[in-house]
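Visitor: any chance you can model this:
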Amino acid sequence: MSAPPDLDPQELTLFLQLGVPLVLLVLGWMLGRIAERRHYRSIHQREDYLLEIPVTNERRLWDATRPVAEARLVKGSVVVSVDYFKRFLAWLRGIFGGEIEAYSPLLDRARREAALRLRESFPEADIFLNFRFETSTLSGSGRLGTVEVLAYATGVRYAH
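Guide: Modelled structure (predicted):
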């Protein structure tokens, strides 16, 4: 076996300037994809479990003849951060303009997670009325780095 050839300082500098960021981007893509898939699995399982409880943006009860035992404001919120690979894709899209498709799954996951947390905060509810979302970005420089989604509704439990 022969020893690897020595890198001259220019090659080493080029490797550090290009290779390291490229490795970090690929690593961010892989780890972000794993985390996203794991989160979606959790969301699907919890949505299947809570499927029976209706959630609507209507303001009135569907069956006004049933006596209400409890009605209260319920909320669910989540803060989700963007991984570096999606941030890089958004930066590229910002150069050329257009929809930043890399953020769509992030916002979808955040909305669904907030809705699930809302439902889980009042599991005895028979219906959730006047359902709404509020979304805000949490970053000082104007770039989307972290997003908060708040879901709120009126949870109603009928007297049985």
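
Visitor: okay, and residue 12 sits in which element?
Guide: helix 9-14 (DSSP states H and E).

Visitor: counting by contacts, list what the longest helix seen in the chain packs against.
Guide: Identified as the longest helix of the chain according to DSSP state H is helix 20-49. Helices and strands touching helix 20-49, by 3 or more CB pairs under 8 Å, 6 or more residues apart in numbering; DSSP states H and E, are helix 84-96, helix 104-121. Using the backbone N, CA and C atoms, a C-beta is placed for each residue, glycine as well.

Visitor: what angle do that helix and helix 104-121 make?
Guide: 40 degrees (axes from the mean of the first three to the mean of the last three CA atoms, to 10 degrees).

Visitor: where does the prediction get shaky in the chain?
Guide: 1-5, 7, 84, 139-144 (pLDDT under 70).

Visitor: next, the buried residues of stretch 23-39.
Guide: 28-29, 32, 39 (16 or more other CB atoms under 10 Å).

Visitor: ok, the residue nearest the centre of the chain - contacts?
Guide: Geometric centre of the chain, nearest residue: residue 110, 2.7 Å, by CA atoms, centre = their mean. Applying CB atoms under 8 Å, 6 or more residues apart in numbering, we find residue 110 in contact with 78, 80, 135, 147-149.

Visitor: among those, which one sits closest to residue 119?
Guide: Ranked by distance to residue 119 (CB to CB), the contacts of residue 110 are led by residue 78 at 13.0 Å.

Visitor: how many residues are close by the residue nearest to residue 129 when sequence neighbours are not counted?
Guide: In this structure, residue 129 finds its nearest non-sequential neighbour in residue 154, 4.6 Å apart by CB to CB, 6 or more residues apart in numbering. By other CB atoms under 10 Å, 17 other residues sit near residue 154.

Visitor: for the helix or strand hosting residue 154, name the packing helices and strands.
Guide: Taking DSSP H and E as the definition, residue 154 sits inside strand 146-158. With contacts taken as 3+ CB pairs under 8 Å, 6+ apart, strand 146-158 sits against strand 68-81, helix 104-121, strand 127-137.

Visitor: give me the sheet partners of it and which way each runs.
Guide: With DSSP bridges as the test, strand 146-158 is paired with strand 68-81 (antiparallel), strand 127-137 (antiparallel).

Visitor: can I get the shortest one in CSV, CA atoms only?
Guide: Listed in CSV are the C-alpha atoms of strand 127-137, where the atom choice follows Å, rounded to 0.1, in the frame of the first residue of the first chain:
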residue,chain,number,x,y,z
ILE,A,127,-67.2,18.4,18.5
PHE,A,128,-64.9,21.4,18.0
LEU,A,129,-66.6,24.5,16.6
ASN,A,130,-65.2,27.7,15.1
PHE,A,131,-61.8,26.1,14.3
ARG,A,132,-59.1,28.5,13.3
PHE,A,133,-55.3,28.6,12.6
GLU,A,134,-52.9,31.5,13.3
THR,A,135,-49.4,31.2,11.8
SER,A,136,-46.4,33.4,12.5
THR,A,137,-42.7,33.2,11.7
